[in-house]
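K.L.:
next one to model:
(one chain, ligands or ions: 1)
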Amino acid sequence: MSAAREPSFRESVDLMFNRAVALMDLPPGLEEKIRVCNATYTVRFGVRLRGQIHTFTGYRSVHSEHMEPVKGGIRFATAVHQDEVEALAALMTYKCALVEAPFGGSKGGLRIDPRAWEEHELEQITRRFAYELIKRDLIHPAQNVPAPDMGTGEREMAWMADQYARMNTTDINSRACVTGKPPNAGGIAGRVEATGRGVQYALREFFRYPDDIAKAGLSGTLDGKRVIVQGLGNVGYHAALFLREEDGARVTGIIERDGALFNPDGLDVRAVHEWIAKHGGVRDFPDAIHSADGAAVLEEECDILIPAALEGVISMENAPRIKAPLIIEAANGPITAGADDILRAKGTVIIPDMYANAGGVTVSYFEWVKNLSHIRFGRMQRRQEEARHELIVQELERLDRYLGGAWSMSPDFKAKYLRGADELELVRSGLDDTMRTAYQSMREVWHGRPDVQDLRTAAYLVSITRVASSYRAKGL
Ligand code: GLU
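P.N.:
Residues are numbered from 1 along each chain as shown. The predicted structure is shown next:
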């Protein structure tokens with residue numbers, strides 16, 4: 001593509017899709033069927049607040065129903081519009097297919113500044129929006145299951161789930177109508193951190209392959225790698241925190257709404273997060289250079305760049321100046337199709353959004369299964385597993401006595417081995433397996449096909465092939 005004009009988010013998704021299908025042998029009708037968004041419902045509703053009626057506009061878009069329910073978050077932001085929601089819904093289709101979450105793709109949005117309203121007002125607005133969607137089965141455990149996205153979280157999901165339960169008093173599966181709920185309202189351990197955790201697991205998997213690391217012109221492990229993260233929201237914060245605290249990465253830059261922090265020795269991510277919560281921004285944070293021009297820090301030298309905020313932040317304008325050899329798209333659509341062309345030509349390796357941020361929907365899948373099975377993961381097996389491990393430990397202790405102290409177990413082996421996995425450990429294990437398997441399926445195409453030069457095209461090829469085979473199985 002040699003567009004002189006910056007493609008919109010929606011056009012970018014279509015261009016990237018087209019680039020991939022050009023390498024496939026799909027019947028032209030099916031190609032079109034997969035690409036287009038099936039339906040978008042727009043609702044305008046009024047809520048009486050502060051003595052007057054305020055009208056809000058919301059959307060729920062369903063991209064593909066090759067599997068049901070369809071799945072995808074609901075964002076609350078002033079910039080929400082139909083094209084954006086449709087692009088995000090399309091990405092959900094490909095994301096779910098790539099990580100083998102058995103869902104079609106959907107997305108929702110409400111045009112609102114959530115910070116402009118008090119909590120009780122936001123609850124009224126959210127419940128009213130949910131009411132409109134529930135009435136049309138656009139929130140439904142078997143048909144359409146929302147989740148958090150930008151500007152929403154556990155609190156909003158709890159309101160929506162409660163609204164659904166009030167309107168469907170006899171539905172035994174009502175809790176499965178949304179995911180990302182708080183733990184006391186049918187949520188699952190590890191969902192809040194899931195997307196950031198997924199970014200960490202994706203990078204760990206990437207760094208298991210010397211060939212792939214070399215393609216990015218890097219070497220070694222994650223330890224000591226310089227990371228710049230844009231957006232310290234739920235996704236960016238957890239990704240940066242885990243990479244720093246568990247993998248030894250150095251977070252040298254953090255870009256936020258009011259500018260950026262830079263410290264070549266590494267920033268204390270936890271402390272920066274606390275500072276933002278207290279002061280509303282990064283300005284005046286000690287131990288760092290503050291730059292008012294946050295976007296410029298995207299162009300600083302680093303090993304790994306993590307855009308974790310909005311779509312379109314890396315465009316044709318700034319792409320030529322981006323120095324990071326490896327970019328992992330924690331946000332949806334942070335690189336426009338035009339910028340993608342420029343970066344690929346430079347040899348930048350991009351770990352694409354539909355894979356990189358799929359940790360959220362993966363753990364949502366686990367939550368949905370938990371809600372439908374009405375039992376916490378591990379509840380049946382945990383103590384039985386511990387009892388069996390106890391038997392082995394007792395035998396080893398007997399052997400130890402028999403050998404008269406000539407051999408003994410390592411000190412923490414017993415405690416570690418005796419503990420059966422709780423829900424959080426099972427969720428992490430399921431997420432890790434999902435991220436590894438999905439990477440391998442992408443990698444196989446990336447390395448196996450000479451006409452595929454990048455991970456994004458490989459990801460689209462894997463996803464579209466799976467979606468196409470579902471359609472074929474349906475007789476389409
Ligand atoms: N909003 C998240 C996403 O874009 C999560 C979706 C979900 O959990 O359904 O992937």
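K.L.:
can you give me the buried ones in the helix or strand of the chain with the lowest mean pLDDT?
P.N.:
Least confident helix or strand of the chain, by mean pLDDT, DSSP states H and E, is helix 413-418 with a mean of 90. For helix 413-418, a neighbour-count test (16 or more other Cβ atoms under 10 Å) marks nothing as buried. All C-beta atoms are positioned from the backbone trio N, CA, C, and that covers glycine.
K.L.:
neighbouring contacts of it?
P.N.:
Here helix 413-418 makes contact (Cβ atoms under 8 Å, 6 or more residues apart in numbering) with 386, 389-390, 392-393.
K.L.:
and that helix, C-alpha only, in PDB?
P.N.:
In PDB, the C-alpha atoms belonging to helix 413-418 read as follows (Å, rounded to 0.1, in the frame of the first residue of the first chain):
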ATOM      1  CA  PHE A 413      10.600 -28.800  47.500                       C
ATOM      2  CA  LYS A 414       8.100 -30.200  50.100                       C
ATOM      3  CA  ALA A 415       6.200 -27.000  50.600                       C
ATOM      4  CA  LYS A 416       6.100 -26.200  46.800                       C
ATOM      5  CA  TYR A 417       5.100 -29.700  45.800                       C
ATOM      6  CA  LEU A 418       2.500 -30.200  48.500                       C
END
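K.L.:
model confidence over whichever helix or strand comes after that helix, on average?
P.N.:
Reading on from helix 413-418 to the C-terminus, the next helix or strand found by DSSP states H and E is helix 423-448. Mean pLDDT, helix 423-448: 98.
K.L.:
packing partners of whatever helix or strand comes next after helix 423-448?
P.N.:
With elements assigned by DSSP H and E, the helix or strand that comes after helix 423-448 is helix 455-473. Where contact means 3 or more Cβ pairs under 8 Å, 6 or more residues apart in numbering; DSSP states H and E, helix 455-473 is packed against helix 9-21, helix 28-35, helix 82-98, strand 349-351, helix 353-356, helix 423-448.
K.L.:
just checking: what are the partner strands of the fourth one?
P.N.:
The one in question is strand 349-351. In its sheet, strand 349-351 lies beside strand 326-328 (parallel), with partners assigned from DSSP bridges.
K.L.:
OK, contacts around residue 74?
P.N.:
60, 107-110, 146-149, 152, 156, 160.
K.L.:
one step back: so which of the helices and strands packed on helix 455-473 comes closest to the ligand?
P.N.:
With Cβ to the nearest ligand atom, the closest approach to the ligand among the helices and strands packed on helix 455-473 belongs to helix 82-98: 6.0 Å.
K.L.:
and that closest one, which residues are buried?
P.N.:
84-98.
K.L.:
in the protein, where's the longest strand?
P.N.:
For the chain, the strand reaching the highest residue count under DSSP state E is reported as strand 52-64.
K.L.:
would you mark the buried spots in that one?
P.N.:
For strand 52-64, a neighbour-count test (16+ other Cβ under 10 Å) marks 56-64 as buried.
K.L.:
wait, which of those residues is closest to residue 359?
P.N.:
Nearest to residue 359, judged by Cβ to Cβ, of these is residue 63 at 20.2 Å.
K.L.:
closest to residue 301 among the buried residues of strand 52-64?
P.N.:
residue 63 (38.0 Å).
K.L.:
wait, isn't that closest one in contact with residue 87?
P.N.:
No - the pair residue 63 and residue 87 does not pass the contact test of Cβ atoms under 8 Å, sitting 9.2 Å apart.
K.L.:
how about the helices and strands packed on helix 455-473, which one is nearest residue 210?
P.N.:
helix 423-448 (12.4 Å).
K.L.:
which residue lies farthest from the center of this protein?
P.N.:
What lies farthest from the middle of the chain is residue 404; by Cα atoms, centre = their mean that is 53.5 Å.
K.L.:
mind checking the SS state of that one?
P.N.:
coil (DSSP: H, G, I helix; E, B strand; the rest coil).
K.L.:
returning to what we had before: sheet-wise, list the partners of the next helix or strand after the longest strand of the chain with their directions.
P.N.:
Next helix or strand after strand 52-64 toward the C-terminus (DSSP H and E): strand 70-71. If you go by DSSP bridges, strand 70-71 pairs up with strand 104-111 (parallel), strand 144-145 (parallel).
K.L.:
chain neighbours aside, what residue packs nearest to residue 343?
P.N.:
Among residues not flanking residue 343 along the chain, residue 319 sits closest, at 5.6 Å (Cβ to Cβ, 6 or more residues apart in numbering).
K.L.:
what residues does the one you found make contact with?
P.N.:
335, 338-339, 342-343.
K.L.:
keep only those of the residues you listed that are in helices.
P.N.:
338-339, 342-343 (DSSP state H).
K.L.:
quick one: residue 38 from residue 110, how far?
P.N.:
Using Cβ to Cβ, to the nearest Å, residue 38 is found at 20 Å from residue 110.
K.L.:
who's more crowded, these two?
P.N.:
residue 110 (25 against 18; other Cβ atoms under 10 Å).
K.L.:
residues touching the closest residue to the more buried one other than its chain neighbours, list them.
P.N.:
If the residues on either side of it in the chain are set aside, residue 110 comes closest to residue 58, at 4.2 Å by Cβ to Cβ, 6+ apart. Contact partners of residue 58, counting by Cβ under 8 Å, 6+ apart, are 42-45, 80, 108-111, 129, 132-133.
K.L.:
mind listing what the most centrally placed residue in the chain touches?
P.N.:
In the chain, the centroid-proximal residue (Cα atoms, centre = their mean) is residue 357; its distance is 2.9 Å. Under the criterion of Cβ under 8 Å, 6+ apart, the neighbours of residue 357 are 95, 195, 198-199, 235, 329-332.
K.L.:
contacts with the ligand among the residues you listed, please.
P.N.:
Contacts with the ligand within the contacts of residue 357, counted by Cβ under 6 Å from any ligand atom: residue 332.
K.L.:
what about the residue in the stretch 251-400 of the chain that the ligand sits nearest to, how many neighbours?
P.N.:
Nearest residue of the stretch 251-400 of the chain to the ligand (Cβ to the nearest ligand atom) works out as residue 364 at 3.2 Å. As a burial measure, residue 364 scores 27 neighbours (other Cβ under 10 Å).
K.L.:
residue 308 now?
P.N.:
Residue 308 is flanked by 28 other residues according to other Cβ under 10 Å.
K.L.:
phi and psi next, for it.
P.N.:
When read as degrees, to the nearest 10, the backbone of residue 308 gives phi -130, psi 30.
K.L.:
for residue 406, same thing?
P.N.:
Taking degrees, to the nearest 10 as the convention, residue 406 sits at phi -70, psi -20.
K.L.:
residue numbers of the stretch 201-350 of the chain in contact with the ligand?
P.N.:
Within the stretch 201-350 of the chain, the positions adjacent to the ligand are residue 332 by Cβ under 6 Å from any ligand atom.
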